[in-house]
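Chemist: sharing a model prediction with you, sequence too.
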Amino acid sequence: MKHKQPQRKSTTKRRFLRKSVASVLLLNLLCFSLAPVMALAEGEQTESTSTESTTTETTTVQTATSIPSVESLGLEVKSAVLLEPVSGQVLMNINGDVPLPPASMTKMMTEYIVADLVKQGKFSWDDVVTVGKNAAQTIGSRIFLAEGDQHTIEELYIAMAVGSANDATVALAEHVAGSEQAFVKMMNDEAKRMGMKTAHFANSTGLDIADMPEQFRPSDTEETVMSAMDAAILARYIVTDHPDFTRFTTIQSYKFRERDTAPMINWNWMLEANKNVTNFKQYAYDGLDGLKTGHTTNAGNCFTGTAVRNGMRLISVVMGAKTEGSRFVESRKVLDFGFNNFETKQIVPPKTTVAGTETVTVKKAKNTEIPVVTDQAVSFVVPKGADTSAVQPKVTLADESTLTAPLKQGTKVGTVTYSFKAPGMDQTLEKTVNLITAEDAEKAGWFKLMMRAIGDFFSDLFNGIKNLF
């Protein structure tokens, strides 16, 4: 018994040492295991800080895209509209659908029709016009034409566009249509074609009916009216269909006859070229190159203006301003609102593949799956800095049973409508473009078509047998 006691103490000591070493190893292992976790926790804290920074940047962008309220502009007009002519987007509308007397802005329709007929080759700018009694007796702004005077269409057109000459306008209308009232019918027909909802024309000039020569007044007593929106639509047709309009509208002054003591001065004081003209430089506006003023007692002072900056053209309309000068001051506010807060942004480039509709099936083609792309770019006018990543496409494809080879590259096989709701804008923007084939769909040879038909036959047979079970 005495001999075994020391051995028991030795065994106990060895067990204690083993446990101590194991504890140390376990502790080290635990620390080693926790190290990545602690590092990960530190990493998560860093990422969290980074996320907060990103959120702050996003908030800054959103603030940058906010636009001021129209009310903050303090416009002193009866109505106003701001429109971008390429997309047709309306960026401002204040009583824009209310029909009002447009005064000489009526002449924009006369300008459009005459320019269009010349473009079609039915008339020439060099054609000579003989002035009739109606034109010679027309009052208001004029160049004092006498009955029997002869001038070219271009000369009279310049007098109408630059000096807002009523007599020159009537002379053109009668030359084109035979009588002013026949021309008025053309004007009203064009208004309907253009989608002008309120416009009604009683004459070619915008004069009140009571101010027309008595024997040439219309039997219909309804006066000329046109909303600001209709004026913007008409201006859009002018700048789109006749992009050379500036050949006339930017003329600052024009001497109609050699014997005239002074040239006529363009009523549009906002022309950019006027920035060096003492009397007009306070109104001159960068990029402004048109379009038409108007004034009568009933209409007040009106102006349809258009300007282009950084590749974006805008059309502004103000109606019922108090003075000749104030119509330009108010137009500046409208145009500044557009150029300061909006930009044209390409949403989708041309030849874009639409996700989910990369191909269409073309019967009897060598390769039955033919790639398709958009035929043109899609651009919207959006608040500056707006995030346009949320644009949504909606595809409408042609019935594939109608698509049979051969098909040429560029064949329309459907449409895709892109829609986008821009922050700060009430309207949802939409544009539809065509989907076209990106390559030729060549017709397969007879042997390939036969083998394909045999394959389809056995495939259908197999599926029919499988469905029995």
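Modeler: Good, I have the coordinates.
Chemist: what helix or strand is the closest residue to F245 other than its chain neighbours on?
Modeler: Leaving out its chain neighbours, the residue that sits closest to F245 by CB to CB, 6 or more residues apart in numbering is I238, at 5.4 Å. Just so you know, the C-beta spots here come from the backbone N, C-alpha and C atoms, and that holds for glycine as well. For I238, the host element (DSSP states H and E) is helix 228-241.
Chemist: and that helix, what other elements does it pack with?
Modeler: Helices and strands touching helix 228-241, by 3 or more CB pairs under 8 Å, 6 or more residues apart in numbering; DSSP states H and E, are strand 79-84, strand 89-94, helix 107-119, helix 180-194, strand 288-296, strand 300-309, strand 312-321.
Chemist: same thing but at 6 Å, please
Modeler: Applying 3 or more CB pairs under 6 Å, 6 or more residues apart in numbering; DSSP states H and E, we find helix 228-241 packed against strand 79-84, strand 312-321.
Chemist: need the ones you listed in a markdown table (columns: mean pLDDT, distance to Q392 and mean neighbour count).
Modeler: Listed next are the helices and strands packed on helix 228-241 as a markdown table, based on pLDDT from 0 to 100; distance: least, CB to CB, whole Å; neighbours: other CB atoms under 10 Å:
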| stretch | mean pLDDT | distance to Q392 | mean neighbour count |
| --- | --- | --- | --- |
| strand 79-84 | 98 | 21 | 25 |
| strand 312-321 | 98 | 24 | 26 |
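Chemist: make CSV out of those strands and add distance to N276.
Modeler: As requested, the helices and strands packed on helix 228-241 are exported to CSV (distance: least, CB to CB, whole Å):
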stretch, distance to N276
strand 79-84, 27
strand 312-321, 23
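Chemist: mind checking those strands for the one nearest to K133?
Modeler: Closest approach to K133 among these (CB to CB): strand 312-321, 32.3 Å.
Chemist: helix 228-241 and that closest one, what's the angle between them?
Modeler: 150 degrees (axes from the mean of the first three to the mean of the last three CA atoms, to 10 degrees).
Chemist: use 518 as the first number from now on
Modeler: Sure, I'll start numbering at 518, so the last one becomes strand 829-838.
Chemist: what's the following helix or strand after strand 829-838?
Modeler: Following strand 829-838 in sequence order, the next helix or strand is helix 841-858 (DSSP H and E).
Chemist: average pLDDT for that following helix?
Modeler: Helix 841-858 carries an average pLDDT of 97.
Chemist: got it, and stretch 681-693?
Modeler: For stretch 681-693, the mean pLDDT works out to 98.
Chemist: tell me who's in contact with the nearest residue to I611 once chain neighbours are set aside.
Modeler: Spatial nearest neighbour of I611, excluding adjacent residues (CB to CB, 6+ apart): A597 at 4.5 Å. Neighbour list for A597: 611, 835, 851 [criterion: CB atoms under 6 Å, 6 or more residues apart in numbering].
Chemist: do K792 as well
Modeler: K792 neighbours (CB under 6 Å, 6+ apart): 798, 801.
Chemist: which SS class is W786?
Modeler: coil (DSSP: H, G, I helix; E, B strand; the rest coil).
Chemist: quick check: it vs T840, distance?
Modeler: 12 Å (CB to CB, to the nearest Å).
Chemist: looking at these two, which is more packed in?
Modeler: W786 (22 against 12; other CB atoms under 10 Å).
Chemist: in a helix, N984, correct?
Modeler: Yes - per three-state DSSP, N984 lies within a helix segment.
Chemist: can you count the residues close to it?
Modeler: 7.
Chemist: surely V825 meets D806?
Modeler: No - using CB atoms under 6 Å, V825 is not in contact with D806; the gap is 7.1 Å.
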